[in-house]
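Participant: predicted model, plus sequence, below.
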Amino acid sequence: MQKLHAEILALQNQIEALKAERKQISIQKALPSDESPEAIAIAVRRQARENAENWAELKGIEDAIVLLESKLIQKQREFDKWQQRSPIELQVEAGREQAHIHAARINQLAQELAEEVKALKAIADEISPNYWQVYYKPFITGFKSISVPYVRSDGEVWTILNRIV
């Protein structure tokens, strides 16, 4: 929820910055208010041709403001939805986020462990015949049943599996 609030503040700050920039760039319209609509349209078009770069930049700023405002509305709705949740729901959601972080770390470590076990098995396969000749016993046993944990989720239920290496 704090992350969402920070995103809302960042969007608001960016919109305000764009509005300030728009004011700085804004083109002076020296149009008398008593002219006909056709004369006003002609004058605005003439100004647009004369200041094409400024008009293009203003258009880009306007488009950015519109996009950011729509994203801001979306984030505010999401934030309001979060605020309407019960404390238990918030606690569960926070726990799920923490569990997701730990599950990702477990899966990463399991991948690393599987690679290490495979490397150890390759060494064992290489030196086992000679090890038997020197020590009259196996170098390493139990490779058929080596497994590493793996966490997966269908979105609601999480399962910890053992993957054979």
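Facilitator: On my side now, so go ahead.
Participant: and Ile106, how far from Ala119?
Facilitator: Ile106 sits 20 Å away from Ala119, going by Cβ to Cβ, to the nearest Å. Where C-beta positions appear, they are placed from N, C-alpha and C, glycine not excepted.
Participant: neighbour count: these two, which is higher?
Facilitator: Ile106 (15 against 10; other Cβ atoms under 10 Å).
Participant: and the helix or strand that one falls within, what's its mean pLDDT?
Facilitator: Here Ile106, judged by DSSP states H and E, is contained in helix 87-135. For helix 87-135, the mean pLDDT works out to 91.
Participant: name the next helix or strand following that helix along the chain.
Facilitator: strand 147-153.
Participant: mind giving me the domain split of this protein?
Facilitator: Using automatic domain parsing, the domain parsing of the chain gives 2-84, 104-164.
Participant: mind checking how far the longest one is from the chain centre?
Facilitator: So that's domain 2-84. 26 Å (Cα atoms, centre = their mean, to the nearest Å).
Participant: let the chain start at 631 from now.
Facilitator: Fine by me, first position is 631 from now on; the one you just mentioned is domain 632-714.
Participant: ends of that domain, what's the gap?
Facilitator: Domain 632-714 has an end-to-end distance of 15 Å (criterion: Cα to Cα, to the nearest Å).
Participant: any idea of the mean pLDDT for it?
Facilitator: 82.
Participant: next, the angle strand 777-783 makes with the helix holding Ile736.
Facilitator: Inter-element angle recorded for helix 717-765 and strand 777-783: 160 degrees (by axes from the mean of the first three to the mean of the last three Cα atoms, to 10 degrees).
Participant: related to what we said a few turns ago, CSV please, covering the domains of the chain and showing distance to Arg726.
Facilitator: As requested, those are arranged in CSV below (distance: least, Cβ to Cβ, whole Å):
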stretch, distance to Arg726
domain 632-714, 14
domain 734-794, 9
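Participant: out of the ones you listed, flag the one nearest Ala724.
Facilitator: Each of the domains of the chain has some distance to Ala724 by Cβ to Cβ; the shortest is domain 632-714, at 10.4 Å.
Participant: okay, buried residues for stretch 734-742 please.
Facilitator: For stretch 734-742, the neighbour count (16 or more other Cβ atoms under 10 Å) marks Asn737, Ala740 as buried.
Participant: now that stretch, how far from the centre of its chain.
Facilitator: The answer for stretch 734-742 is 21 Å, by Cα atoms, centre = their mean.
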